[in-house]
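J.: fold the following for me, if possible:
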Amino acid sequence: MACRPGTYYATATDYRGNSGKSKAVKLTCDPAATPSPSPTSSSTATATATATATATVSPSPSGTRTPSPKPTSSASPTPTRTATATPTRTVTPTPTRTATTKPTPTSTSTSGTVGSTEENEVVRLTNAERAKGGCQPLKHDPQLHKAAYDHSADMAAQGYFSHTSKDGRSFMDRIRGAGFTGGTGWAENIAMGQPSPASVVEAWMNSSGHKANIMNCKYTLIGVGAAKNSKGQIYWTQDFAAR
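T.: Have a look, this model is predicted:
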């Protein structure tokens, strides 16, 4: 090949189309001169990184609902039933009724009738329920009435609600203290806040323990006592006996 003096350079293109050019080299055709080798151009492909953004989704907080408390019925606790044994301890005297009085009767009671009009209406309604179960009517006993009334008056005066008196007496202690003798079985129901005989008997009949006392056909006698506290709330007591 004939020598052609001049200025030369090399170019290169990679597969991506990126081109590169070497430095220019001057060629002289003088045999004594040693031509500089043409450098090889390296084309470096530039990689483009595509960043993928990851979206983080925060979960919505779960709302915790606090349930509304259910209202607590202020009926009476489950009645206590005593089988047959007569208490042997000495009964303390019945507290004097000073703080509360009996509900005002709606009509004049017949001479010799035990209890007030309201108390006798409770007896009547109780016997009406017993008749549905085939039980004989209960007779309103004066000693049981005294025990029942004194307990209602004591609860109203001292602001408590229990089958056990503040001085520790049980309902059997109160029954014996009222002068009731003999008998083969006893029970007691109490309630507070019901405004009428009908409402208190209904409340007792809607409670299994109290209903069981009312519908026990072995009982033959009853005493009912009703007394108001200073706010006008009525405390009710039923004492039952078999004799």
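J.: nearest residue to residue 166 other than its sequence neighbours?
T.: residue 158 (5.5 Å; C-beta to C-beta, 6 or more residues apart in numbering). Where C-beta positions appear, they are placed from N, C-alpha and C, glycine not excepted.
J.: same deal with residue 114?
T.: residue 140 (4.4 Å).
J.: can you pull the contacts of the one you found?
T.: 113-115, 119-120, 123, 221-224 (C-beta atoms under 8 Å, 6 or more residues apart in numbering).
J.: how about the host helix or strand of residue 155: buried residues?
T.: Using DSSP states H and E, residue 155 maps to helix 142-158. Neighbour counts over helix 142-158 (16 or more other C-beta atoms under 10 Å) mark 143-157 as buried.
J.: list phi and psi for the closest residue to residue 144 other than its chain neighbours.
T.: Nearest residue to residue 144, sequence neighbours excluded (C-beta to C-beta, 6+ apart): residue 223, at 2.6 Å. Backbone torsions of residue 223, given as degrees, to the nearest 10, read phi -130, psi 130.
J.: residue 222 now?
T.: Torsion angles, degrees, to the nearest 10, at residue 222: phi -140, psi 150.
J.: need the per-residue pLDDT for it.
T.: Note for residue 222: predicted pLDDT of 98.
J.: contact partners for the residue lying closest to it once chain neighbours are set aside?
T.: Residue nearest to residue 222 in three dimensions, not counting chain neighbours: residue 138, with 4.0 Å by C-beta to C-beta, 6+ apart. With contact taken as C-beta under 8 Å, 6+ apart, residue 138 is in contact with 123, 126-127, 130, 219-222, 240.
J.: can you list these in TSV and add distance to residue 185 and secondary structure?
T.: As requested, those are exported to TSV (distance: C-beta to C-beta, whole Å; DSSP: H, G, I helix; E, B strand; the rest coil):
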residue	distance to residue 185	secondary structure
123	18	helix
126	16	helix
127	18	helix
130	15	helix
219	7	coil
220	10	coil
221	10	strand
222	13	strand
240	8	strand
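J.: what is the nearest of those residues to residue 188?
T.: residue 240 (7.1 Å; C-beta to C-beta).
J.: isn't the closest one right up against residue 215?
T.: No - using C-beta atoms under 8 Å as the test, residue 240 is too far from residue 215 to be in contact (10.8 Å).
J.: can you count the residues close to the closest residue to residue 211 other than its chain neighbours?
T.: Spatially, and ignoring its direct neighbours in sequence, residue 211 is nearest to residue 205 (5.1 Å; C-beta to C-beta, 6+ apart). A count of nearby residues for residue 205, using other C-beta atoms under 10 Å, gives 16.
J.: please renumber so the chain begins at 315
T.: All right, first residue 315 from here; so that's residue 519.
J.: now, which of the buried residues of helix 456-472 sits nearest residue 506?
T.: residue 469 (7.3 Å).
J.: from residue 547, how far off is that closest one?
T.: 10 Å (C-beta to C-beta, to the nearest Å).
J.: between the two, which contacts overlap?
T.: What both residue 469 and residue 547 touch, as defined by C-beta under 8 Å, 6+ apart, is the set residue 506.
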